[in-house]
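Asker: how does the following fold in three dimensions:
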Amino acid sequence: MGIFDKGVKKTNQNFFQKLSRAIVGRSRVDENVLDAIEEALVSSDMGVDTTLKLIDNLEDRVEKDKYMSMEELVDLLRDEIAKLLDVDGAETVVPFDFSKKPYVVMVVGVNGVGKTTTIGKLAASLRAQGKKVIIGAADTFRAAAVDQLVVWAERAGVEIVRQGMGSDPASVAFDTVKAAVARDADVVLIDTAGRLHNRIDLMNELTKIRNVMRKVVPDAPHEVLLVLDSTTGQNAFQQAKEFSRATDVTALAVTKLDGSAKGGVVVGIVDQMRIPIKFIGIGEGIDDLKVFDRREFVSSLFSKEDIQ
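Answerer: Down below sits the predicted model:
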C-alpha cells in the first residue's frame, strides 16, 4: 500500500463510484463519459477551472484514438493531473535547504486547519533526521494554541520559545531566531496567529514578524508554509488566495486527507495558485505527515484497482 492510499481513499471511492455508473457497458470514450468525468472531478472539489482544463486536455488526447479502454483513460487522467501538480519541474520534493542554517520556516493558516499539529509532526520528523529544531510559539492570541504547541514540542523532543498570553508575536519570533543562532539549531518553525478577519492586519503582522527575524537572519524566512484543511474543499482555495495576497506563500501543507472526499482540492489549488505542495497529512499519528510525491498521490487518487 502506498503512503497516500489511506489518505485519499474517500476521494478515490467517491470518484470511481460516479465514474463507474456512467461507463458501464461502454466501449468508447464519448461525450457522456467525459461529462461523467467532469461531474466526478467537480464533486471532488477540484474546482471548475481546473476541471475544465483537464477535460479539454483529455478531449484532445482522446480525439487521436477514439477507442480507449477505461484503464487507458485512467492512465491519461493520472498523467494530466500529475502535470498540473508539477509547479517547478522537480522530480522529487526537497523539503528544506539545510545549507541555510538556521533554516527559518514561518507557518501560516487559519485556526482549525491543523497548523499546530503540522508543526509538531514536522518537528518530530526533522528531529528523527538528526536535526536540531526550535519552535517559536508566536500565536500569542490564543492560550490554547501555545499550550497545544508545548505538548507537541515535548512529544517531538524539541525546544520551544514562548512568552505570555497577548505578547507581541514579532517579539516571540525574534527571540526564537536569536536562540536558534545561539544554540546552533538547524531549523526554526514559527507558529503564527490563525486569523483572517482583516487582510491588512494579517499582512502587517506577518510583515512585522518577517522584518524582526531578518535582524538576526537577513534572508529569513526561507519558507512560508501555508497549512490548509482538505475537508473544507473550496474554502481552502479561498484561504490560499487570501494568504497569498497577505504574504509570499512559498509552499503548502494539506491536512486531513484521510477524512475527506474532497482530495481533488489539492489539484485545484496547485493548478490555480502555482504554489507547490511539500507536505500532506494523512492521519492523526505523529508520523502521518508525509513529504508530497505527486506521482504517488495521483496513483492513489485514481487507483485502477477501483475500476469495475
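Asker: low-confidence regions, the stretch 51-200 of the chain specifically.
Answerer: Within the stretch 51-200 of the chain, the ranges that satisfy pLDDT under 70 run 64-68, 70, 196-199.
Asker: quick one: the helices in it?
Answerer: In order along the chain, the stretch 51-200 of the chain carries the following helices (DSSP state H, counting those that start in this stretch): 70-84, 115-128, 143-156, 169-182, 199-213.
Asker: just those helices: most buried one?
Answerer: Ranked by average neighbour count under the criterion mean count of other Cβ atoms under 10 Å, the helices of the stretch 51-200 of the chain are headed by helix 115-128 at a mean of 23. From N, CA and C alone the C-beta is placed, and that goes for glycine too.
Asker: counting contacts, what elements does that helix pack onto?
Answerer: Contacts defined by 3 or more Cβ pairs under 8 Å, 6 or more residues apart in numbering; DSSP states H and E place helix 115-128 against strand 103-108, strand 133-137, helix 143-156, strand 187-191, strand 251-255, strand 277-281, strand 289-291.
Asker: now tabulate those in a markdown table and tack on distance to S300.
Answerer: Output for these, formatted as a markdown table (distance: least, Cβ to Cβ, whole Å):
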| stretch | distance to S300 |
| --- | --- |
| strand 103-108 | 25 |
| strand 133-137 | 29 |
| helix 143-156 | 27 |
| strand 187-191 | 27 |
| strand 251-255 | 14 |
| strand 277-281 | 10 |
| strand 289-291 | 11 |
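Asker: between these, which gets nearest to V62?
Answerer: Using Cβ to Cβ as the measure, strand 277-281 is the one of the helices and strands packed on helix 115-128 that comes nearest V62, at 28.0 Å.
Asker: one step back: quick one: which of the helices of the stretch 51-200 of the chain is nearest L54?
Answerer: Between L54 and those, the shortest gap by Cβ to Cβ is with helix 70-84, which sits at 5.5 Å.
Asker: gap between the closest one and the chain center?
Answerer: Between the centre of helix 70-84 and the centre of its host chain there is 21 Å, according to Cα atoms, centre = their mean, to the nearest Å.
Asker: if I look at D35, how far off is P95?
Answerer: Using Cβ to Cβ, to the nearest Å, one obtains 39 Å as the distance from D35 to P95.
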